[in-house]
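*Asks:* Fold the stuff below for me.
(2 chains)
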There are 2 protein chains.
Amino acid sequence: MIEDKNRPSTPLSELGEFKLIEHLTQYFSLKNPSTKKGISDDAAVLNFGDDEVVVSTDLLVEGVHFDLSYMPLKHLGYKAIMVNLSDIYAMNAQATQVIVSIAVSSRFPLEALEELYAGIKMATEIYGVDLVGGDTTSSTTGLLISVTAIGKASDDKVVYRKGAKPNDLLVVSGDLGGAYLGLQVLEREKAVFKVNPNLQPDLEPYTYIVGRQLKPEARKDIVELLQALNVKPTSMIDISDGLSSEIIHLCKQSDVGCDLYEAKIPLDPQVISTCEEFNLDSTTVALNGGEDYELLFTISQEDYSKIKGNPNLTVIGYMKEKSEGAHLVTRANTKIPLKAQGWKNFEG
Amino acid sequence: MIEDKNRPSTPLSELGEFKLIEHLTQYFSLKNPSTKKGISDDAAVLNFGDDEVVVSTDLLVEGVHFDLSYMPLKHLGYKAIMVNLSDIYAMNAQATQVIVSIAVSSRFPLEALEELYAGIKMATEIYGVDLVGGDTTSSTTGLLISVTAIGKASDDKVVYRKGAKPNDLLVVSGDLGGAYLGLQVLEREKAVFKVNPNLQPDLEPYTYIVGRQLKPEARKDIVELLQALNVKPTSMIDISDGLSSEIIHLCKQSDVGCDLYEAKIPLDPQVISTCEEFNLDSTTVALNGGEDYELLFTISQEDYSKIKGNPNLTVIGYMKEKSEGAHLVTRANTKIPLKAQGWKNFEG
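*Replies:* Just a heads-up that it's a prediction; the model follows:
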């Protein structure tokens, strides 16, 4: 009960999320034969028999990850599941179960939680996963959702962040930047609403990007597509923090470099028009925006013919030797080093 | 962004934790063949091959489940793991992995989290489990810890809450009430400290019960003991909410009744003396105290000779037909219906 005023004190803002986990878990060792992969990928990989078991977890905190003034609770429940399934698919695995825990303050009535669970239920039904557990408790403020997702894959199917080789093609599913821009639109409408509560927001021109923010879909279909095309990526990650940061993860864990071509980054027309409206650079938005939950992966060049022309997949670059570093090759053909912006929750 | 003022509004305090989970998940169905048991036991049971995979999760919230003014962070880390391993052992399974997520406000320096993880590490080492994942994020207030524990057991070894039969013996490990009384002592010392910060608390006479509160041990040894004795319980649960509430869980899920004998409830001498000092009834404390993390289980009478005389195990009652209900048989030989006190976090 006596506080030692002389203790060292390092503000958490000095570390990012990745550094923090790395720092806190650096002296932990793995002891169980059933543990095949611990921390450092999208999900842990366990083996209890025939298939590999893949486990991933995420915390979503009100005021940090979501704002209930424009995020309907049903969408929030849906999104909380998507965020986690996305990690399972990023292992090239099939999602099978989820566990959902919530901490909630008494300002939420039961009906609010029913809305939340309606979204969770819709997600589990559409994606064919079972809700198998959880904990509910009170919180002193706000709402917190903790989701753990479990999946499976045969040993030879699991794809890690590690495994990309120089000359592999860098491929992304869908298009990028929409979720971030959707958030900008919602933030703007919220500010307008605060000034004049009678003004109803017109979100019609932004349907796609607002949908990307409020109701993202995890790319289960891409895992199935790759299976059907008989393509096994050499490395894979999901895009939660932004393309730039995820490329750096793949490079770092695979010990390779990368050239990313600005002109190849897939953008929806609504992303381009909204960037113009907000006076934002669309490449910057795609690189650092985050929350798109697309899959980013590498394939060997011999698999190129299998994915060529598929509307869901875009080749956006090549992996290089590690010594060459990770760069953006601009439309003007200049090379700019990629930087991880990513996660800034502990700042400010 | 428009709030509907006419929505129905049911305060969460009207439901308990169990009712809330039950209510929110009532329309969820299980679809995956790998899901053998979903919500409604200490842990979910999954099967991906040879062994059953057992998964359980708990949220610990500052100001609700712990008070950092007397709970050292290292102990908190240790306890957070124990709470979850206890659920795995309550399935008669072997704990193999844990996933730890934390949400933390910026008032915590890195060194505080290092302390927390030192406790987590100690727990994983002593209990032989691997830390395989997690998420760290900022919170707007305080500290929240979400732990998911994973374990395994062969199909024929898993013990559920369901399975007790009339005439089975009700058995508990260790002794009860200590953790709750330890909390009372700590709360009292905190109040004293607030009035006079120069007064150092003398916890010497309360070492055992304060230890039960601050550094509980999950009963891995009991699972191993039962294995060695060749006893498979017919049903099992861990005591997190208090003996009374856990007995009611076993009865409800096994469709049986129970006679619990007051005179048989195992109490440490320090529990008895502290109850006298605090003017508390020791039976009430043992029935409703909670947080003891002992195992409560039923065995068929033919296994009695195997556990008889074991200092770790105490027979405290008999299971009855459902129609006879669940009762405490007092020392005066009167029968009082057992009530679930348990979890009151949403109240007040």
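*Asks:* which residues in the stretch 201-348 of chain A form helices?
*Replies:* All helices of the stretch 201-348 of chain A, identified by DSSP state H, counting those that start in this stretch, fall at A:207-214, A:220-228, A:243-254, A:269-278, A:282-288, A:304-307.
*Asks:* could I get those helices as CSV with mean neighbour count and distance to chain B?
*Replies:* (C-beta placed from N, C-alpha, C; glycine too.) Listed next are the helices of the stretch 201-348 of chain A as CSV, based on neighbours: other CB atoms under 10 Å in any protein chain shown; distance: least, CB to the nearest CB, whole Å:
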stretch, mean neighbour count, distance to chain B
helix A:207-214, 21, 12
helix A:220-228, 18, 14
helix A:243-254, 23, 15
helix A:269-278, 16, 19
helix A:282-288, 22, 19
helix A:304-307, 14, 29
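*Asks:* Just send those helices back as JSON lines, with mean pLDDT too.
*Replies:* JSON lines is the format used below for the helices of the stretch 201-348 of chain A (pLDDT from 0 to 100):
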{"stretch": "helix A:207-214", "mean pLDDT": "95"}
{"stretch": "helix A:220-228", "mean pLDDT": "97"}
{"stretch": "helix A:243-254", "mean pLDDT": "94"}
{"stretch": "helix A:269-278", "mean pLDDT": "96"}
{"stretch": "helix A:282-288", "mean pLDDT": "95"}
{"stretch": "helix A:304-307", "mean pLDDT": "96"}
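*Asks:* What backbone torsions are found at A:D58?
*Replies:* With angles defined as degrees, to the nearest 10, A:D58 sits at phi -150, psi 140.
*Asks:* okay, and the helix or strand of chain A with the least pLDDT?
*Replies:* Counting by mean pLDDT, DSSP states H and E, chain A has its least confident helix or strand at helix A:17-25, which shows a mean of 64.
*Asks:* now stretch A:291-306: how far from the chain's centre is it?
*Replies:* Offset of stretch A:291-306 from its chain centre (CA atoms, centre = their mean, to the nearest Å): 16 Å.
*Asks:* brain fart, stretch A:251-260
*Replies:* 19 Å.
*Asks:* okay, how far is it across that stretch, tip to tip?
*Replies:* Terminal residues of stretch A:251-260 lie 12 Å apart, using CA to CA, to the nearest Å.
*Asks:* Likewise for stretch A:167-182?
*Replies:* 35 Å.
*Asks:* can you tell me the average pLDDT over it?
*Replies:* Across stretch A:167-182, the average pLDDT comes to 97.
*Asks:* repeat for stretch A:296-303
*Replies:* Per-residue scores along stretch A:296-303 average to 97.
*Asks:* Name the residues that touch it?
*Replies:* A:159, A:163-165, A:167-173, A:231, A:233-239, A:243, A:246-247, A:250, A:254, A:307, A:319 (CB atoms under 8 Å, 6 or more residues apart in numbering or on different chains).
*Asks:* Filter the residues you listed down to the buried ones and hand me the PyMOL line.
*Replies:* Per 16 or more other CB atoms under 10 Å in any protein chain shown, the buried members of the contacts of stretch A:296-303 correspond to this PyMOL selection:
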select buried, chain A and resi 159+163+164+168+169+170+171+172+173+231+233+234+235+236+237+238+239+243+246+247+250+254+307+319
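*Asks:* Mind checking which of the contacts of stretch A:296-303 land in strands?
*Replies:* Members of the contacts of stretch A:296-303 lying in strands (criterion: DSSP state E): A:L169, A:L170, A:V171, A:V172, A:S173, A:S235, A:M236, A:I237, A:D238, A:M319.
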